[in-house]
Structure formats: structure tokens, C-alpha cells
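> Predicted model and sequence below, questions to follow.
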Amino acid sequence: MSMFKVFDVAGSAMSAQSLRLNVTASNMANANSVSSSEGETYRARQPVFAAMLEQANGGQQANVGVQVKGIVESQAPLQRQFNPNHPMANEEGYVFMPNVNVVEEMANMISASRSYQSNVEVINTAKQLMMKTLTMGQ
Amino acid sequence: MPGLDNALGLHEAALRVRAQRMETLSSNLANADTPNYKARDIDFKAVLSDYQSNSVPASALKTTHANHLQQSGGVMGATLQYRNPIQPSIDGNTVDTQVEKGKFMENALQYQATLQFIDGRIRTLRKAIRGE
């Protein structure tokens, strides 16, 4: 029965959203990880989502899951802080802060958890409907 | 009374379309954060009138011989249409989570209603068979 595909689709979305939560967590955790050179500094990461489009049916496919195409690092400029007393400071007395925007990450986290929740609801509803279908005519 | 194979009437076909629509709406919800994804839906009314008029759907198999099997009903060819977004977003995504959730719940209810209609038909048949 094709209704089983609902579980695949919602499941793929849940794994994508949990990866997004994971990335957000690592960004938040490293928001204050300073380093002494620009190359070593942590950069904010973001997952890239894409629809799993199967063209077999001329674009008329009803079920389209989500896949994570990859994770990109933010190219925003790093913050340079003058802090000569810091143990990680370079010769000029600067430390480099990651380009993580904590406020943005919080909003991202809320969006990801809401999307996750709505997919859980979809799975629950589909499960209920299937159980009712199984007991049809009894 | 028509043959036993269409004892359930329209509802059997309706159930299939409802299941297909549920898949489509769950895809929309799954791709709520995917850039350039366009929300899609099935026009139930159009599919139903297609089925009732019993016209051959555009996606029907071509038959070149009189003995070839004909695809029955128009349900298999339910065409997906793109939704008009209420709030299009800058990343090209047209999924409005609230709208999709509402449609999904509506469709789930209609699916259950169809199930109950089928249940009623089965109960009627059973009563007739037992002669109660």
C-alpha cells in the first residue's frame, strides 16, 4: 500500500530537521571558541536541504522526501578582538571569534523543532488512519 | 443491485485518492524548509468528476488491440497541481505550514469518513447475507 510512503517522507524530514538541530547545537557550543588565527577559527555551519525529486513519473510523484545536500560554512567575516592578555592572542594581541550569530541560531533552533513536531504529527495521523483501515469491516 | 465487485461504489476509489492526497500533503510538510520546493495538492473535485464521467485519463495506457486491458477509472491519473502561495518566501519555497497542516487534518477526517461509509456498506452486505 502506498500509504507506507508517508512514513518514509516524514521520516526523511525528521532526520533532516534533527541534523539541523545538531548543527545548531554545535554552532551554539562553539560560539565562544576563540583561536589565534583566522584559519583555525570555527565558522558557523548550516545544512542545505533539497527535495528528493524522482522524475520517473514526469514530476507527478506524490511523495517527495527531503535530503541533506551538505553542510556549508558561513563566509561572514570573523570578529577580531583586541585582547593581549588572552592566552590565545597572536603577536599583535588579537584573538579571533567565530562568526556565529547566537540570536539567529536560537531562531533556527525553534524553527527546526517546530518542523520536527509537525512531522511527528503527520506520522501519528498516518498511523491512526492505517490502523483504522486495517480494522475496516470488522 | 450492481455486481459485488463494485458494492463499495465510489468510496473505494475515493479512499485511494485520499491516501494519495495524504502523501502529497505530507511531502509538503516534510519540505517546509527546502529552498525552491513548490507546494502541491490534488484537486479532489476534479478527480471525482473525472472518475464519474468515466473519461479516459491523460495518463491511461495506450491500447492498440481490442483485447488489451483497459485501465478502469480516472483515479490513477490524479494530477498534481501547484498551490498559490499566500506568503511566498525569498528562497522560492511556497509551503505555508499552517495551510498544509489544516489541509492535512481535513484530509485525514475525510479519509475516516470514507472509511466509515465503506464500513456501513460492509455491514449492510453482511446483514443481507445473514438474513437477520
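Here it is on my side, so go on.
> Now do the contacts for B:Phe117.
Contacts of B:Phe117 were listed using Cβ atoms under 8 Å, 6 or more residues apart in numbering or on different chains, and they are B:His11. Yep, even glycine has a C-beta here, placed from its N, CA and C like the rest.
> Look up phi and psi at it.
Torsion angles at B:Phe117 (phi, psi; degrees, to the nearest 10) stand at phi -60, psi -40.
> And A:Ser33, by the same measure?
Per degrees, to the nearest 10, the residue geometry at A:Ser33, taken as phi and psi, is phi -80, psi 100.
> Three-state assignment for the nearest residue to it once chain neighbours are set aside, please.
Take A:Ser33 and drop its neighbours on the chain: the residue closest to it by Cβ to Cβ, 6 or more residues apart in numbering or on different chains is A:Tyr42, 4.9 Å away. The three-state label given to A:Tyr42 by DSSP: H, G, I helix; E, B strand; the rest coil is coil.
> if I look at A:Tyr42, how far off is B:Asn28?
Counting by Cβ to Cβ, to the nearest Å, the separation of A:Tyr42 from B:Asn28 is 35 Å.
> More neighbours: these two, which one.
Set A:Tyr42 next to B:Asn28 and count neighbours by other Cβ atoms under 10 Å in any protein chain shown: B:Asn28 wins out with 27 against 21.
> Run through the neighbouring helices and strands of the helix or strand that contains that one.
B:Asn28 belongs to helix B:10-30 when assigned by DSSP states H and E. Contact partners of helix B:10-30 among helices and strands, from 3 or more Cβ pairs under 8 Å, 6 or more residues apart in numbering or on different chains; DSSP states H and E: helix A:5-29, strand A:65-73, helix A:102-134, strand B:40-42, helix B:44-53, helix B:97-130.
> Ok, which of these comes nearest B:Asp33?
In this view, the helices and strands packed on helix B:10-30 are compared for proximity to B:Asp33 by Cβ to Cβ, and helix A:102-134 is the closest at 5.8 Å.
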